[in-house]
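Undergrad: Provide a 3D model corresponding to the input given below.
(2 chains)
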Amino acid sequence: MASHSHSDKHEHITTYKTYFIVWAVLMVLTVITVYVSYVDFGALNVVIAMGVASIKAAAVALFFMHLKFEDSITWVFALFPLGLLFLLITMTFVDTFTRVVIP
Amino acid sequence: MAEAGADQSHGHHMDPATEYSSSKLGMWLFLGTEILLFGGLFAAYAIFHARYPEMFFEQHLELNRTMGAINTCVLIFSSLTMAMGVSAIKWGKQKTAATFILITIVCGIIFGVVKYFEYSAKFEHHIYPDTSIFFSLYFLMTGLHMIHVFIGLALLAVIFVLTLKGKFNAKYNTPIELGGLYWHLVDLIWIYLFPLLYLVG
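TA: Reported below is the predicted structural model:
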């Protein structure tokens, strides 16, 4: 079965060691977010919190969810909703804050 | 949902490799709809946070940061054990995989227990979903997330039993991988909920 050997050859199995490193990075980033929240950076606090959260999310998706080893169509499926989410949030913002009277 | 789809496709005339990759692609598509389901709430949060920053800041202090942080660690750890379980079954280690899935389930239950105490504390202080827009969003977002944790736990419980029964091995383990993907998404959403609700406010 040619197709079967194809799947075996491309199957990537992540080692426990890699997972532990990713986990350690996630824990360090969690500590950083909690620590930073006690320091007042004004409006930057939200930016930092969301930035760190996005790095963590990327680590989870790339390694725990194996996105790093997936083909390009999986990447399209994974990233397309993020584009829609961006549209959803920005368009709602633009709508809400450009109204003359906000109900 | 994850294992049902993969099991049913057994009867179809599809080679294992195609079945595996299309199952996974279907799962990613489903996860995309999940992101957009939460996305509506994230959009609502962003709008109201921008409109009432003082109120959000004041009221987010009511939340228990310690409990939130503990739950974050519990969930990230459960993601680690879940990922290790997927690797274990791909190496053909059924017992090890089952153990990792069980640890993941236990972590999910711990998360639920902590959340139960958090909600109880809020109710004791007479804080309900109709208290304010902030708490409305807090209960809605964490509640919807909690429902996902419960669904994930139910899926993992089925997968755990099937793993113990020896249904999965190095060649066929799609349900474990898809269950894992779902569980990681639950973790991923919490990664955003924790700073948004507990830390930044």
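Undergrad: got the buried residues for stretch B:92-111?
TA: Counting neighbours by 16 or more other Cβ atoms under 10 Å in any protein chain shown, one finds that the buried residues in stretch B:92-111 are B:93-94, B:96-105, B:107-108, B:110-111. (C-beta placed from N, C-alpha, C; glycine too.)
Undergrad: residue B:183 and residue B:152 touch, don't they?
TA: Yes - taking contacts as Cβ atoms under 8 Å, residue B:183 lies within contact range of residue B:152: 5.0 Å.
Undergrad: with neighbour numbers in mind, choose between the two.
TA: More neighbours surround residue B:183 than the other of residue B:183 and residue B:152, with 34 against 25 (other Cβ atoms under 10 Å in any protein chain shown).
Undergrad: so the more buried one is in which element?
TA: Using DSSP states H and E, residue B:183 sits within helix B:174-193.
Undergrad: quick one: mean pLDDT over that helix.
TA: Per-region confidence: helix B:174-193 scores 98 on mean pLDDT.
Undergrad: using PDB, list the CA coordinates for it.
TA: C-alpha atoms of helix B:174-193 as PDB (Å, rounded to 0.1, in the frame of the first residue of the first chain):
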ATOM      1  CA  THR B 174      -7.300   9.300  15.100                       C
ATOM      2  CA  PRO B 175      -9.900   9.700  17.900                       C
ATOM      3  CA  ILE B 176      -7.200  10.400  20.500                       C
ATOM      4  CA  GLU B 177      -5.500  13.000  18.200                       C
ATOM      5  CA  LEU B 178      -8.900  14.700  17.500                       C
ATOM      6  CA  GLY B 179      -9.900  14.600  21.100                       C
ATOM      7  CA  GLY B 180      -6.500  16.100  21.900                       C
ATOM      8  CA  LEU B 181      -7.000  18.900  19.300                       C
ATOM      9  CA  TYR B 182     -10.400  19.800  21.000                       C
ATOM     10  CA  TRP B 183      -8.800  19.800  24.400                       C
ATOM     11  CA  HIS B 184      -6.000  22.000  23.300                       C
ATOM     12  CA  LEU B 185      -8.500  24.500  21.900                       C
ATOM     13  CA  VAL B 186     -10.200  24.600  25.300                       C
ATOM     14  CA  ASP B 187      -6.800  25.500  26.700                       C
ATOM     15  CA  LEU B 188      -6.100  28.000  24.000                       C
ATOM     16  CA  ILE B 189      -9.300  29.900  24.700                       C
ATOM     17  CA  TRP B 190      -8.600  30.000  28.400                       C
ATOM     18  CA  ILE B 191      -5.200  31.400  27.600                       C
ATOM     19  CA  TYR B 192      -7.000  34.600  26.300                       C
ATOM     20  CA  LEU B 193      -9.800  34.500  28.900                       C
END
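Undergrad: close to chain A, is that helix?
TA: Yes - Helix B:174-193 comes into contact with chain A (Cβ under 8 Å from any Cβ of the partner chain), by way of B:180, B:181, B:184, B:185, B:187, B:188, B:191, B:192.
Undergrad: which strands or helices does that helix pack on?
TA: Secondary-structure packing of helix B:174-193 (3 or more Cβ pairs under 8 Å, 6 or more residues apart in numbering or on different chains; DSSP states H and E): helix A:44-59, helix B:2-8, helix B:16-51, helix B:65-90, helix B:94-124, helix B:133-164.
Undergrad: now do the buried residues in the last one.
TA: In terms of neighbour count (16+ other Cβ under 10 Å), helix B:133-164 has its buried residues at B:133-135, B:137-139, B:141-142, B:145-146, B:148-149, B:152-153, B:155-156, B:159-160, B:162-163.
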